[in-house]
Each structure stands twice: as structure tokens, then as C-alpha cells.
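Trainee: I need the structure of the sequence given here:
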Amino acid sequence: MIAFDTVPKGDVSPGLLGFLVVAAMGLALFLLVKSMRKQISKIDLPSETDREDADTKPDGAVRTE
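Mentor: Next comes the predicted model:
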């Protein structure tokens, strides 16, 4: 005979609710990472030449050391 109750009496398992909670957290993590990648791809970083030009142009600020 096939035993349908493989968990001994007295042992506690997470069951269906535990699985659903972990699955929901995994789905939420997937959606958050997907959204974060979309937001990061919108950021327009200045190119290397733009940064060098900005460093050489005086902006009116005076450095005091």
C-alpha cells in the first residue's frame, strides 16, 4: 500500500500556506528586481568626455584647503 501520510504524527510542516508565502515572496522579489532594472536603465550617465570637460571648466566655485 502507498502511504499518503508520510509525515509522522507530531511533526509540523509548513504545508500549503508556507509554500504560498514563499512563492509570493519570490514573485515579489522578481517584480522588484525587474522594476529596479527598468529604473536604472533610465539613468543617463555623462560620458567620459563630458566629465573631463566639466572638470576643466571653472564653475565659479573657489576651493579652500
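
Trainee: how about L45, secondary structure?
Mentor: The local conformation at L45, judged by DSSP: H, G, I helix; E, B strand; the rest coil, is coil.

Trainee: how much space between it and S35?
Mentor: When CB to CB, to the nearest Å is applied, the distance between L45 and S35 equals 20 Å. All C-beta atoms are positioned from the backbone trio N, CA, C, and that covers glycine.

Trainee: which one of the two has more residues nearby?
Mentor: Set side by side, L45 and S35 show unequal neighbour counts under other CB atoms under 10 Å, the larger going to S35 at 10 against 7.

Trainee: Just the element for that one, please.
Mentor: Secondary structure assigned from DSSP states H and E places S35 in helix 15-41.

Trainee: can you give me the mean pLDDT across that helix?
Mentor: In this model, helix 15-41 has a mean pLDDT of 97.

Trainee: Summarise which helices and strands it is packed against.
Mentor: When contacts are defined as 3 or more CB pairs under 8 Å, 6 or more residues apart in numbering; DSSP states H and E, helix 15-41 packs onto no helix or strand at all.

Trainee: roughly how far out does that helix sit from the chain middle?
Mentor: Here helix 15-41 is found 9 Å from its chain centre; the criterion is CA atoms, centre = their mean, to the nearest Å.

Trainee: ok, now stretch 12-28?
Mentor: What separates the centre of stretch 12-28 from the centre of its chain is 20 Å, taken as CA atoms, centre = their mean.

Trainee: Now do the contacts for L29.
Mentor: Applying CB atoms under 8 Å, 6 or more residues apart in numbering, we find L29 in contact with no residue.

Trainee: again with S47
Mentor: By CB under 8 Å, 6+ apart, the contact list for S47 is empty.

Trainee: if I look at it, how far off is V21?
Mentor: Between S47 and V21 the distance, using CB to CB, works out to 46 Å.

Trainee: Repeat that for K9.
Mentor: Counting by CB to CB, the gap between K9 and V21 amounts to 24 Å.
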